[in-house]
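K.L.:
Make a model of this:
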Amino acid sequence: MRLHGNKTDYVMTGDKRAPNTIALMTGARDAPLAYGLDPKTEKSPFWPMGVALMMAEKAKQCGEVPVGAVLVQDNRIIARAHNQMNGLKNPMAHAEILVLVQAMAVLSSKYLNDCHLYVTLQPCAFCVQALILARIGRVYFGAYDTSLPAPESFERIGGVCEQRCQSILHEFFHQKR
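P.N.:
The predicted model follows:
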């Protein structure tokens, strides 16, 4: 399914860190402009997927399964993360979960109904349940995981930058073999 939209503006939330969370928002060093993305000229309504892909690359460099996630509210990135299950020695440290925890702290709210999640891989059952409980507005994902059922509890749009999202996963697992 394709979604059409107008140009979106990117506004950094700055170096606002959420207390007691795993925050990856480190200010200018991780800003999209540092990665060659210029939000003023970006034409795609899916521009946050580019940031999610950068987070997936970061996970890959850390030896994690390369999944990145970005949570957006009103065209602003509120939180971003990548898988950190090995680094944190925590099987629950999925990119989506880390983003939810971070965003809830930043927004001081347990519900995220006016937020959109961009993630490079279709969320697993564990993450889907967390997204349902957080009342997420919409989920955009890149690569499909055909072994998962499609939940009907929130709007989802798949196949966003699908080839790129699939290739980073294929490269990672090919190197592991």
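
K.L.:
and the residue nearest to the spatial centre of the chain, bridged to which residues?
P.N.:
The residue lying closest to the centre of the chain (CA atoms, centre = their mean) is Ala69, at 1.3 Å. Note on Ala69: beta-bridge partners by DSSP bridges are Ala81, Val119.

K.L.:
need the contact list for it.
P.N.:
52, 55, 80-82, 95-96, 98-99, 117-120 (CB atoms under 8 Å, 6 or more residues apart in numbering). Bear in mind the C-beta positions are built from the backbone N, C-alpha and C, glycine included.

K.L.:
So which of those is surrounded by the most neighbours?
P.N.:
Using other CB atoms under 10 Å as the neighbour test, the contacts of Ala69 are led by Val99, with 35 neighbours.

K.L.:
SS state for that residue?
P.N.:
Classification of Val99 by DSSP: H, G, I helix; E, B strand; the rest coil places it in helix.

K.L.:
try the one 10 residues further on
P.N.:
Counting by three-state DSSP, the backbone at Ser109 sits in coil.

K.L.:
count of residues packed around it?
P.N.:
14.

K.L.:
Check the gap between it and Gln73 for me.
P.N.:
10 Å (CB to CB, to the nearest Å).

K.L.:
what's the closest non-adjacent residue to Gln73?
P.N.:
Leaving out its chain neighbours, the residue that sits closest to Gln73 by CB to CB, 6 or more residues apart in numbering is Cys115, at 4.6 Å.

K.L.:
Just to check, the one you found is in contact with Met104?
P.N.:
No - Cys115 is beyond contact range of Met104, at 9.9 Å (criterion: CB atoms under 8 Å).

K.L.:
So the two - more neighbours on which side?
P.N.:
The neighbour comparison of Cys115 against Met104 (other CB under 10 Å) goes to Cys115, with 24 against 20.

K.L.:
Could you tell me how far the more buried one is located from Ile97?
P.N.:
Taking CB to CB, one finds Cys115 at 15 Å from Ile97.

K.L.:
One more: Phe173?
P.N.:
For Phe173 relative to Ile97 (CB to CB), the value is 22 Å.

K.L.:
Between the two, which is the more surrounded one?
P.N.:
Remark: of Phe173 and Ile97, Ile97 carries more neighbours, 23 against 11, as counted by other CB under 10 Å.
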